[in-house]
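Chemist: whatever this is, show me its structure:
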Amino acid sequence: MPEIDSLVDGFLFRVQSMTRLDVLDLLLVTAAIYLLLLLLRRSQAAFVLRAVLVIAGFFLLANVFNPLPTFGYFLNFAALAMLITVPVVLQPELRRWLERFGRQIGFSFGGQESVAGHVIPEVTRAVENMANSKTGALIVLEGMVPLTEVIATGVRVDGQVTSELLQTIFFNKTPLHDGAAVIREDEVIAAGCVLPLSDQVLQGWRRLGTRHRAAVGLSEVSDALTVVVSEETGAVSIAEGGRLRQDLDRGELHQALRQFYARGLTSSEKGRWHFWQSWKIPGPRQILGDLLYLFIAFLLAVVATTAVRISNDPIVQARQEGVTLNASGLPEDTTLTEALPRTVIVEFEAPSSELPSITASTFQAAVALADVSTGVTRLPVQVTTTASNIRDMTAVPAELDVSVAAIISKTVPVSVTVLDTDTVTSAYEISGDPVVVPSEVVITGPEPAVEATTLAGTDISVANATTTVRDVRPLAAYDDNGDEVTGVTIEPVETDVTVVVRRRVNARDVGVRAVTTGSPPDGYWLSGLTVDPASVTIEGSPSTLADMGSFVDTVAVDLSEATGETAVDVPLDIPGDVQALDSAGNPITNVTVVAQVAARSGDLLTERPVEIVNDRGAMSIQLAPQNVELLLSGPLPTLNEIEQQPELVRVVVDALQLTPGRTTEVTPEVIAPADIRAQLVDTSVVVTTEAN
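Modeler: Coordinates of the predicted model:
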């Protein structure tokens, strides 16, 4: 059945992926179940245990083979109720087993002498101090019988026994001084404890109180020793074995404490000796029975630990991207015509707790090419991992189409494309075809790609060349359509290309020089002069060209009335049998001369009166000084115009910004032409106002 197969697979997977901690956990659970089986095998509880195991098996089968949600919820609730009720049902057996175990191993007095060496001096000193101060005290030293119920009536202390701690507990201002302090080994376990009272009639020279009755009452039901300090007289007494010894001095108290710890040590040794004496070598039948119980315990432990791991750490499906794909075993003299994907996706199952530690490097994906033939073959992608906690690994895609071809070689010619020939001036020309060394190369690669290759091509630029161009150029493979063929190698990968560029006999490149006449108007100067084109190619007889030099002049350009930028088309001043050509080789007779005539700059120091603007007559205004000096900077023509028309530059104060009855310093505003920069020599004037 699918459910059984799934359960078995999950169980085997969990067992195979166990770590050292999981093995330790399994061994501890096995030991616990084995001890429980030994405890119950001869008791009435064995029948209860069998019933529990049968019901648990029924629950397991019902969940596996009948996965109904409502019924499954009911079974889970019943299992939880069983876990709570079983310890209650088995409580008598568990208690008897624990009591028997405790009696067999005895009260551990290992190190008891060192405990006594620490406790006796501290208790003796505390009792002596409290007796001297008549501080009532009740100190219980626990023996082999645990005083759990007595300790539960008090307040937990869990402090190391010291004289100071005991005296603090029984100080009459503390809340715990009325009860008893219980000492277990070398610790004060609790204080303020309530002890059972004795029904005996205690004899003494005076009536004894509740402390003494409580001490005797505890000694009647346990093997503890109780030290009592009377609050009225400071007398020290001890109660042990149902008897009360009164009026002990320091030496007697010390001796009594030593005897108490010595008896405990002797009892412990006797208990251990009795345990080893009572142990017998089991017979074959008992050994077989124990082995059977051990085997059952192991099976139950395996089932329990597996169920817990499945519940707490379920197996989930996941996917990991970016797993590197490796291809190996490709036959010699063959190659892949299409590249395989560099990575694949891996789908897998793993415990949910392991997912954060799983990365792409956890997996290895590979395609085996050892037995592949030429052509297209579909091959599976194999996924492996070194991790033991991963299963059901599948690559996406699970199969790949692998195209394999034989590796061949052939020789093809080298072709060169000359670029930028249109930039070579008319004075120069390309002579013949490019010279290529070597003129043939060897193409090696997959058979389809090599068969499609018809030539190895490269290019070379002769932009603005005035001499022979030579360069080592890289090669690329091309087919009949001029498309580049990839996946092949070229040997050699470069070629030496030479393009011969030489000057024509009847042509020469010369510069163009602009000629001007006249001077710019007064106040202006020639700031720039350019010619377009700046150079031309001239054609003519070699003798005429030799006499012309390196420049040709333009017809003179008149600048006497020019201002700003002036562009003029003027003819070239060349002999009639000489022709000028532009960079494209077209004949030209005129060139464009651009003259830039700019105004000269200068400075002008002048004086102007300060004017009041927006004055509505609401107040009288006095200025000091009434005239100010200005430094004007800008083009000389504008400065000359300002000298002829002073009203172009004004200095004003806005009356709207003034307050009547005040004397203030104000910076006047200068109004001047846009190309003039004005600066006040004195930056402010004093303005006095009075209301009318």
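Chemist: just the helices in this protein please.
Modeler: 2-16, 20-40, 45-65, 69-89, 91-105, 112-132, 148-152, 163-169, 210-221, 250-278, 284-312, 447-452, 542-548, 636-644 (DSSP state H).
Chemist: mind listing what's buried in the last one?
Modeler: So the one you mean is helix 636-644. For helix 636-644, burial by neighbour count (16 or more other C-beta atoms under 10 Å) applies to 636-639, 642. Every residue, glycine included, has its C-beta placed from N, CA and C.
Chemist: from residue 144, how far out is residue 481?
Modeler: 105 Å (C-beta to C-beta, to the nearest Å).
Chemist: more neighbours, the two?
Modeler: residue 144 (18 against 7; other C-beta atoms under 10 Å).
Chemist: let's test this: name the helix or strand in the chain with the lowest mean pLDDT.
Modeler: Least confident helix or strand of the chain, by mean pLDDT, DSSP states H and E, is helix 91-105 with a mean of 54.
Chemist: so what's residue 145 up against?
Modeler: 222-224 (C-beta atoms under 8 Å, 6 or more residues apart in numbering).
Chemist: hey, least reliable of the helices of the chain by pLDDT?
Modeler: Mean pLDDT across those is lowest at helix 91-105; the value there is a mean of 54.
Chemist: which ones are touching residue 659?
Modeler: Counted by C-beta under 8 Å, 6+ apart, residue 659 has contacts residue 689.
Chemist: quick check, pLDDT for residue 247.
Modeler: Looking at residue 247, the pLDDT reads 89.
Chemist: quick one: it and residue 234 touch, right?
Modeler: No. Between residue 247 and residue 234 there is no contact under C-beta atoms under 8 Å: 10.3 Å.
Chemist: the more surrounded of those two?
Modeler: Each of residue 247 and residue 234 has its neighbours counted (other C-beta under 10 Å); residue 234 has more, 15 against 12.
Chemist: how many residues are close by the closest residue in space to residue 506 that isn't next to it in sequence?
Modeler: Distance criterion C-beta to C-beta, 6 or more residues apart in numbering; nearest residue to residue 506, sequence neighbours excluded, is residue 539 at 5.7 Å. Residues near residue 539, counting by other C-beta under 10 Å, number 19.
Chemist: so who does residue 539 touch?
Modeler: 426, 506-507, 578-579, 581.
Chemist: at 7 Å instead, please
Modeler: Counting by C-beta atoms under 7 Å, 6 or more residues apart in numbering, residue 539 makes contact with 506-507, 578-579, 581.
Chemist: what subset of those residues is buried?
Modeler: 507, 578-579, 581.
Chemist: from those, pick the one nearest residue 195.
Modeler: Nearest to residue 195 among the buried ones among the contacts of residue 539 is residue 581, at 131.9 Å by C-beta to C-beta.
Chemist: wait, isn't that closest one in contact with residue 533?
Modeler: No. Judged on C-beta atoms under 7 Å, residue 581 makes no contact with residue 533 at a distance of 10.0 Å.
Chemist: state the distance from residue 169 to residue 229.
Modeler: 12 Å.
Chemist: count the neighbours of the closest residue to residue 147 other than its chain neighbours for me.
Modeler: The shortest distance from residue 147 to any non-neighbouring residue, by C-beta to C-beta, 6+ apart, is to residue 182 (5.7 Å). Residues near residue 182, counting by other C-beta under 10 Å, number 27.
Chemist: fine by me, we can end here.
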